[in-house]
Each structure stands twice: as structure tokens, then as C-alpha cells.
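Visitor: predicted model, plus sequence, below.
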Amino acid sequence: MKKGGTGGSNTKTGLDFEEKTNLEDLLKKIEGIKIFEENVYYNHKKIAEIYQKYKLYNILCKKLNINWKKKISARLLPDECYYKIKEKNLIIIEKKFQSGGGSVEEKLQTCDFKKKQYEKLFENKDIKVDFWYVLNKWYKNDRFKDVHNYIEKSGCEYFFHSIPLDKLL
């Protein structure tokens, strides 16, 4: 959070971090990747779809005939999602930027609940859900060691300042 700011997602530094880790921009740097709307093509073959926030519900859930209101009590709005079509693997990507103590630190401890909610949303659709955090260097501090362990034990993953593109192709 920027000093004097009103929240991580509303500050210039938080927004800069999200822009630097924008999945679509990162993918476009890979030779052979083309993106049209939410569709990702590699060497002219559609391999994935990208969704942000409400588009997960407005496009993917609609396409799969999922009424989210019957599955979960409230929508979760992911920063980004990457749906690998062939593998039927939906990767939820949440980005967290922090430069001082605050409530965003505690949000990391919600990964297990969020992953289970996404799994519940896509149950009976044979879709595997992965949940990733992309974190800035603030979270490398040893005081987050227990949180890092919890994230891993919850079946989730975290990365610093980058999205592992090799795991997406």
C-alpha cells in the first residue's frame, strides 16, 4: 500500500504491480502466441482462455451452463484466470502488493477457502482448479514463513513478481 493510500488495489504502486504482471501482456511476448478477446492461440491453435473479474461468470460459467448462484453464496472476483482447454485446468491468479503492514497480509490466509469455492463452482464439469498468488517482494520477509507453508499445504502456490509462463503452455 502506498503511504497515505486507501487500499492496495487503489494505489499507484498496487496498480503498477498488477500492470507489470498482466497475464495477457506477458503471454503476447511469447513467439507464436496470439490473443483475440479472451481466446489464447499458440501457433494458430486455441489453447486457452483468459478471464478477469466478472468475465469468469459472464463467459465461462455461461458457456458451461453454470448458475453460480446455485453453487456458491457470493461471487469471488479473481484478478485473472487462465483456462487451459485441453487439460481442463482453470488457474485462478490473485495478485497482492504490499509495502507495509495491513489487512492484505491476512487475505493470503484465505486461499484454501477460495480454492474450495472455485472447485465447488466447477464441480461436475471435470475441471481441475489451481489457485496462485503473485506477490511482491514484501512477502519474502521471514515473518510470512508460516503463511507460505499454509498456502502450500492448502494445495495453492505463490510466486514473486512473475507468473510462471512455462506452467501455462
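Guide: Received it, and whenever you're ready, just let me know what you need.
Visitor: tell me the buried residues in stretch 28-48?
Guide: By 16 or more other C-beta atoms under 10 Å, the buried positions in stretch 28-48 come out as 33, 35, 38, 40, 42, 47-48. To be clear about C-beta, it is placed using only N, CA and C from the backbone, and glycine gets the same treatment.
Visitor: same check on stretch 60-74?
Guide: Applying 16+ other C-beta under 10 Å to stretch 60-74 flags 60-61, 66, 68 as buried.
Visitor: which intervals of this protein have sub-threshold pLDDT?
Guide: Scanning the chain for pLDDT under 70 picks out 1-16, 18-19, 104.
Visitor: tell me where it has helices.
Guide: Secondary structure of the chain (DSSP state H): helices at 12-20, 23-28, 55, 62-63, 68-71, 104-107, 111-121, 145-153.
Visitor: which of those helices sits closest to Tyr82?
Guide: Closest of these to Tyr82 is helix 23-28, at 6.3 Å (criterion: C-beta to C-beta).
Visitor: list the helices and strands the closest one packs on?
Guide: strand 33-36, strand 45-51 (3 or more C-beta pairs under 8 Å, 6 or more residues apart in numbering; DSSP states H and E).
Visitor: just so I know, which of those lies nearest Cys156?
Guide: strand 45-51 (18.5 Å).
Visitor: how distant is that closest one from the center of its chain?
Guide: 15 Å (C-alpha atoms, centre = their mean, to the nearest Å).
Visitor: export the helices and strands packed on helix 23-28 to TSV and tack on distance to Ser103?
Guide: Formatted as TSV, the helices and strands packed on helix 23-28 follow (distance: least, C-beta to C-beta, whole Å):
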stretch	distance to Ser103
strand 33-36	34
strand 45-51	26
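Visitor: report the central residue of this protein.
Guide: Ile93 (1.0 Å; C-alpha atoms, centre = their mean).
Visitor: quick check: bridge partners of it?
Guide: Glu80, Trp132 (DSSP bridges).
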